[in-house]
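A.B. asks: Below: sequence and its predicted model.
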Amino acid sequence: NGGTLIPSTTALTSGTYYAAIKDATSLCESALRLEVAVIVTDPGTPSLVTAGTQNFCQSTLPTFASIQLNESNIVWYTALSGGTL
């Protein structure tokens, strides 16, 4: 109980946090809090199977799946920061 309210815009970091429910009408909070363990990880940067540029023939109709990477589950964006998925 007690403590400092964490703004929803605060960057999430690894640690233990406590959640309470706040009633929208009465503004009362729940008497008990839920303990939540958070682990934030950075899986690193993907790497190409072969360093350098990969070339594709237009006639083979290449897609993003055609790019050979050493990792799986890669997601692509239109910009280095932000951008569109």
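C.D. replies: That came in fine, so what should we check first?
A.B. asks: can you pull out the strands in this structure?
C.D. replies: Assigned by DSSP state E, the strands in the chain fall at 15-19, 34-38.
A.B. asks: Show residues contacting the last one.
C.D. replies: Think strand 34-38. Outside strand 34-38, the residues that touch it by Cβ atoms under 8 Å, 6 or more residues apart in numbering are Leu12, Thr13, Ser14, Gly15, Thr16, Tyr17, Tyr18, Ala19, Ala20. Heads up, the C-betas are built off the backbone N, CA and C, glycines and all.
A.B. asks: In its sheet, which strands sit next to that strand, and in what direction?
C.D. replies: The strands beside strand 34-38 in its sheet (DSSP bridges) come out as strand 15-19 (antiparallel).
A.B. asks: returning to what we had before: reformat the contacts of strand 34-38 into CSV and put neighbour count and pLDDT next to each item.
C.D. replies: Converted to CSV, the contacts of strand 34-38 look like this (neighbours: other Cβ atoms under 10 Å; pLDDT from 0 to 100):
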residue, neighbour count, pLDDT
Leu12, 9, 93
Thr13, 9, 94
Ser14, 9, 95
Gly15, 10, 95
Thr16, 8, 95
Tyr17, 14, 95
Tyr18, 12, 95
Ala19, 10, 95
Ala20, 14, 94
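A.B. asks: State the pair within the residues you listed that is farthest apart.
C.D. replies: Within the contacts of strand 34-38, Ser14 and Ala20 form the most distant pair, 20.9 Å apart (Cβ to Cβ).
A.B. asks: mind showing which ranges of this protein have poor pLDDT?
C.D. replies: By pLDDT under 70, the chain has no low-scoring segment.
A.B. asks: in it, what residue sits furthest out from the centroid?
C.D. replies: Most distant residue from the mean C-alpha position of the chain: Ser59, 35.4 Å away (Cα atoms, centre = their mean).
A.B. asks: ok, back up a step: kindly reformat the contacts of strand 34-38 as TSV and extend each row with distance to Pro46.
C.D. replies: Shown next, in TSV, are those (distance: Cβ to Cβ, whole Å):
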residue	distance to Pro46
Leu12	22
Thr13	23
Ser14	23
Gly15	27
Thr16	31
Tyr17	30
Tyr18	35
Ala19	34
Ala20	39
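A.B. asks: Fine by me, we can end here.
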